[in-house]
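# The following block contains a protein sequence and its predicted model.
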Amino acid sequence: MQMERRAVPTEFEVRSEGGKFNFYGYALKWDARSQNLGGFRERVAQGATSEAIELDDIRALYNHDPNMVLGRNRSNTLRLSEDSTGLHYEVDMPDTTYARDLAVSMERGDVTQSSFGFKVRSDGDSWAEDDDGFPLRTLTRISLFDVSPVTYPAYTDSTSGVGSRALELLAEKRGLSVARLDSPEAIRAAIRGEAEVPALSEARTHFPRYELPTDPVAALAALRRF
């Protein structure tokens, strides 16, 4: 199972009635541009989760931990819907210690991030360049595994490997080795179909190396020739 995860800031609303907790917020928001995910940015097109809502067996987890189940759409303790903002979700929390502790943390504002686990459906993404010429991936049809309030969104920088699966899919579509897609320039070339353009790591190997003479006078003379 090739799952990808993304995290977004959200404002959770918590309600309590008769000792039972319920919360709601957004799992994702349409067209919000991500940070640099490792040479590209990403957005989710409106309606990308409509099939998932109808077809997928989706859980609400705490910190993506399968031992901390908060709700499930098949049991109607997790309810998902799309609106003009994004994918909205509401959870009837179980009467467990971890759920009660989470509700308190949400009310205090200690937990303000939501993350979702997904897989791209067939032909469910497209690649282009944004207004700045930076590679942009658009998710148009995705499967959902879980939506999760998270303490630490572990996917907020370009060095975390969050975009590795996306680049693998792009490489498969273009018939390239994923190792070639190690820079925005290489990803942009792949988007344009310029498969002959080398990736950054390959390009570096083609730069000539110059050894300067050890004698200072001779070294200075050599530098003046460049």
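Structure's in. What do you need? Numbers count the residues shown, from 1 in each chain.
# From now on I want contacts and neighbour counts done on CA atoms only, so please keep to that.
Fine.
# quick one, helices of the chain?
50-55, 97-108, 164-174, 184-192, 200-204, 216-224 (DSSP state H).
# Comparing those, which stretch has the densest surroundings?
The highest average neighbour count among the helices of the chain, using mean count of other C-alpha atoms under 10 Å, belongs to helix 184-192 at a mean of 21.
# Give the other helices and strands that it contacts.
Applying 3 or more C-alpha pairs under 8 Å, 6 or more residues apart in numbering; DSSP states H and E, we find helix 184-192 packed against strand 125-129, strand 135-139.
# burial count for Phe134?
Look at Phe134: counted by other C-alpha atoms under 10 Å, it has 17 neighbours.
# Distance of Ala128 relative to Thr96?
46 Å (C-alpha to C-alpha, to the nearest Å).
# Pick out whichever of these two has more residues nearby.
Ala128 (17 against 12).
# Quick check: closest non-adjacent residue to that one.
Leaving aside its sequence neighbours, Ala128 sits nearest to Leu136 (C-alpha to C-alpha, 6 or more residues apart in numbering; 5.3 Å).
# Tell me what the one you found is bridged to.
Counting by DSSP bridges, Leu136 forms beta bridges with Arg41, Ala128.
# Isn't it up against Gly163?
No: with contacts counted by C-alpha atoms under 8 Å, Leu136 stays clear of Gly163, the gap being 11.7 Å.
# circling back to that earlier point, which of the helices of the chain has the lowest mean pLDDT?
When the helices of the chain are ranked by mean pLDDT, helix 200-204 comes last with a mean of 46.
# rewinding a little: mean neighbour count, the helices and strands packed on helix 184-192: which tops it?
By mean count of other C-alpha under 10 Å, the helices and strands packed on helix 184-192 have strand 135-139 as the most buried, with a mean of 23.
# Need the residues that contact that one.
39-45, 48, 120, 124-130, 184, 187-188, 191 (C-alpha atoms under 8 Å, 6 or more residues apart in numbering).
# give me that answer again for 7 Å
40-45, 48, 124-130, 184, 187-188 (C-alpha atoms under 7 Å, 6 or more residues apart in numbering).
# Tell me how many other residues crowd Val147.
Val147: 30 neighbours (other C-alpha under 10 Å).
# Could I get the contacting residues of it?
Taking C-alpha under 7 Å, 6+ apart as the test, what Val147 contacts is Ala27, Arg59, Ala60, Leu61, Ser115, Phe116, Gly117.
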